[in-house]
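A.B. asks: take this sequence and fold it.
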Amino acid sequence: MLLKTSLRSFLAHKGRMLLSLVAVVLSVAFVSGTLVFSNTATSTFDTLFASTASDLSVGPAEPEIGGDDTRAKARTIPADSVQKIAGVPGVKSAVGQVMVENATLADPATLKKVGPTTGAPTLVGNWADTPRNSVEITSGHAPQGADQVVLDADTAKKAKLGLGGRLRVIMNDNHDFTIVGIATFKTTNPGAALAFLDTATAQSVLLGQSAWTSVEVFGDGSRSDEQLKSDATARLGAGVQAKTAAEQKADGQKSVGSFLDFMKYAMLGFAGVSLLVGGFLIINTFSMLVAQRTREIGLLRAVGGSRRQVNRSVLVEALLLGLVGSTLGIAVGLGLAVGLIQLMNAIGMHLDASDLKIGADVFVAGYAVGVVITVLAAWIPARRAGKIAPIAALRDHGTPAEPRSNAVRAAIGLVLTAGGGGLLVLAANAEKMATGGQYIGLGVLLTLIGFVVLGPLLATTVVRVLGALLPAVFGPSGKLAQRNAMRNPRRTGATAAALMIGLALVIGASVFTSSVIKSTNDQIDRSVGADYIVSGGPNGVSPEIVAAVQKTRGVDHVTEQKFLPALFTTPDGKTVEDGVSAVSARFTDDFRLPVKAGAPDSLKQGALGIGEDYAKEHGLKVGDTIKIDYGKGRVQSLPVGVILTKGNSLFDGSTFAALDAVAKAVPADDQPVAAVVFGKAAAGADVARTLASLEDALKQYPQASVRDQAGYKDLVQDEVNTLLYMIYGLLGLAIVVAVLGVVNTLALSVVERTREIGLLRAIGLSRRQLRRMIRLESVVIALFGAVLGTVLGLAWGVTGQRVLRTQGLETLAVPTTTIALTLAASVIIGLLAALVPAFRAGRMNVLAAIATD
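C.D. replies: Numbers count the residues shown, from 1 in each chain. Next comes the predicted model:
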């Protein structure tokens, strides 16, 4: 009987549950789509690594501190390694491979870079036939001469290059080749650009010697990979490392998996937000359905139904809603997964949408999320339904009278909000970032719950203020809208809470990113005296690029910054692995260092500049000596000359020394190329015109880029905005679900107030006024949620900035434009949410509405 009653009730009210169903579908789709995408991407790359890994890969051992600078020179093993390994028992074939990541590809006709722009590597090596090549030549032929190259199909398509075209490979020199072949990946392209030369040319151009970057070994099946590894390393001796197929696969999974895991958990986190928002929608839906079915439930009780049975009947309806929504959500999630795959394909990571991996975890997570969240959200309305007395059947159904003020709710809400606010204050004033991070996490959670609990209590007061002008501006429609929003504070609070959560995250993220941009700009203005910043790609800034900058008309001087890895031994006897930023003598002229103690010009006399945290950790002061071991027996001791104040991201974590001082231990010829070069305009020179001259001078070096201070600021802002827009996009789902909540509340409210609407129309309220009343009610509810969200978002964002103030986020920036747009958007959201309910209300037959039971 219970199941039959629940089924009939569910089918009878299916229209009223439609938007709740949509909320469940969207939330489950986000979760299931993320899992399907993650499973598909992981499976694709597992297949790639498993199908292309050799049985054993032998390469150079990891370098000691101060080993060769891999940006300028790849690490190698001797050329005779192939012959030695080929003689190991159980080896079927050994293939020498040359592959480097520090080359730049360019189109010599346009002098533009060719290759990925998303952070994926550019790999250039020798073409070697192995049993497990990751690519195959699908057009043309393999390189057979010193001027021939094979390019991968994806890169060729993007760069609009084909057979017979020219391609430049830039190492320390420029080398032009003719494209004689196009290679296509057999499984998937992880986004990299690949170019292949013949072996002799690859060794000469890429390595400058007859050597290999690795030897790929394929066994005959008579010995295990571990046995091959042991025998091969024994044959070659020290200076090499070998990895079995399993170890190569694990390395590949680790490198790609970190990115995929970040995407997976970030998207699941935002899916959790949408689920939370959807929970409020479901609570409202069942609360209003229970209120509208008061007489029906009372009759059920009158004919013998127990509280427990009534409670179960509502939960069974929620279970049915969860099952249907989860099933549809999983199906929609497959479409979302295909969309994510297409997005990855657009940015260069090629996956096959026709081979989706739909594991058991997708169904388990989908149904668990959809059913559990729906049943939990319906539990409170179900309890209320169980408390309806049989005598209620004799009364008109409708919204039961709601107590004005719930003392328990107020006490709990105030305690949670005050506790959360106190934690945010503690976080803002914490000395250590880790401590502040713990406080802010708990503070955000408590303030969110506190605002949700207090929402219904705040609704009456805040809505009265927000709607104060409505009666004066819109007359009877405005007055009715204001009172309707205030008549059921619990419903208004729950509806607004859904919107509040999404907008709070939007405002909080905006405050954080605005503060990042403002802090970076302030640090550049305050600390950087150089006019231009020159970078040189993966190879660093070559001496040729430095010379081109120096010769440019309008440039007074350049400052080089090189990075040398080293071991630091402090007077307290501790040794740590770190590095020295070796800079030109004019560095302290081009940069205004934030000084805690000492003098910046001490760098010119051969002293060190260290960070405040490092000095505090090791008890260092000006005059103390640090022993620096660059490796290969190159050791020197330098005194501390200046301690830099923490909180400036341009200098935090760096240890500075003059190039002249470092050269006493590491000769200039053994030093790496500059990581970055700074240029200073000559006195009286036009800074903008000199920038144009620098761009012209560096056109022949596609790997190089030059920016002035404004350009560097724009670069930082673009990078931060990319992150912000991604957050906005992911939060968009939560906003959509929140909007559905407003629509649902208004739609059910119209049904609930059918007789009331009929009476209003009978005494003279026009259709236009009625529709305006519903639209204004929707706007007030949306504005209420936006105001609460803005308060929360500001509190979270300001606290986040304070927590990170010692990490370079020293300037608070409140995005007033974003806040204003958010409040304006909430008005638009309210208007859009009211379109359908207002239209339906306006079409009601007056007499039929009055006669509604």
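
A.B. asks: just list what the helix ranked longest in the chain packs against, helices and strands only.
C.D. replies: The longest helix of the chain (DSSP state H) is helix 245-292. The criterion is 3 or more C-beta pairs under 8 Å, 6 or more residues apart in numbering; DSSP states H and E, and the helices and strands that helix 245-292 contacts are helix 18-52, helix 307-346, helix 360-386, helix 489-527, helix 709-752. (C-beta placed from N, C-alpha, C; glycine too.)

A.B. asks: out of these, the one nearest residue 150 is which?
C.D. replies: The closest of the helices and strands packed on helix 245-292 to residue 150 is helix 18-52. By C-beta to C-beta, the value is 16.7 Å.

A.B. asks: show me what the helix or strand following that closest one packs onto, helices and strands only.
C.D. replies: Where DSSP states H and E defines the elements, the next helix or strand beyond helix 18-52 is strand 56-60. The contact analysis (3+ C-beta pairs under 8 Å, 6+ apart) places strand 56-60 against strand 77-78, strand 214-219, helix 225-236, strand 240-244.

A.B. asks: just checking: what are the partner strands of strand 56-60?
C.D. replies: With DSSP bridges as the test, strand 56-60 is paired with strand 214-219 (antiparallel), strand 240-244 (antiparallel).

A.B. asks: ramachandran coordinates for residue 152?
C.D. replies: In terms of degrees, to the nearest 10, the main-chain angles of residue 152 are phi -70, psi 150.

A.B. asks: ah, wrong one, I meant residue 704
C.D. replies: Main-chain torsions, residue 704, degrees, to the nearest 10: phi -100, psi 150.

A.B. asks: pull the contacting residues for it.
C.D. replies: The neighbours of residue 704, taking C-beta atoms under 8 Å, 6 or more residues apart in numbering as the test, are 534, 535, 536, 537, 541, 545, 698.

A.B. asks: any weak-confidence spans in the stretch 151-300 of the chain?
C.D. replies: The stretch 151-300 of the chain contains residues with pLDDT under 70 at 288, 291-296.

A.B. asks: revised request: answer the last question for the stretch 701-850 of the chain.
C.D. replies: In the stretch 701-850 of the chain, residues with pLDDT under 70: 733.

A.B. asks: thinking again about what came up before, could the helices and strands packed on strand 56-60 go into a markdown table alongside distance to residue 59 and mean neighbour count?
C.D. replies: Formatted as a markdown table, the helices and strands packed on strand 56-60 follow (distance: least, C-beta to C-beta, whole Å; neighbours: other C-beta atoms under 10 Å):
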| stretch | distance to residue 59 | mean neighbour count |
| --- | --- | --- |
| strand 77-78 | 6 | 20 |
| strand 214-219 | 4 | 23 |
| helix 225-236 | 11 | 18 |
| strand 240-244 | 6 | 19 |
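
A.B. asks: can I get the ones you listed in TSV with distance to residue 408?
C.D. replies: Formatted as TSV, the helices and strands packed on strand 56-60 follow (distance: least, C-beta to C-beta, whole Å):
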stretch	distance to residue 408
strand 77-78	74
strand 214-219	69
helix 225-236	66
strand 240-244	63
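
A.B. asks: for the ones you listed, which one sits closest to residue 129?
C.D. replies: Of all the helices and strands packed on strand 56-60, it is strand 214-219 that lies closest to residue 129, at 11.0 Å by C-beta to C-beta.
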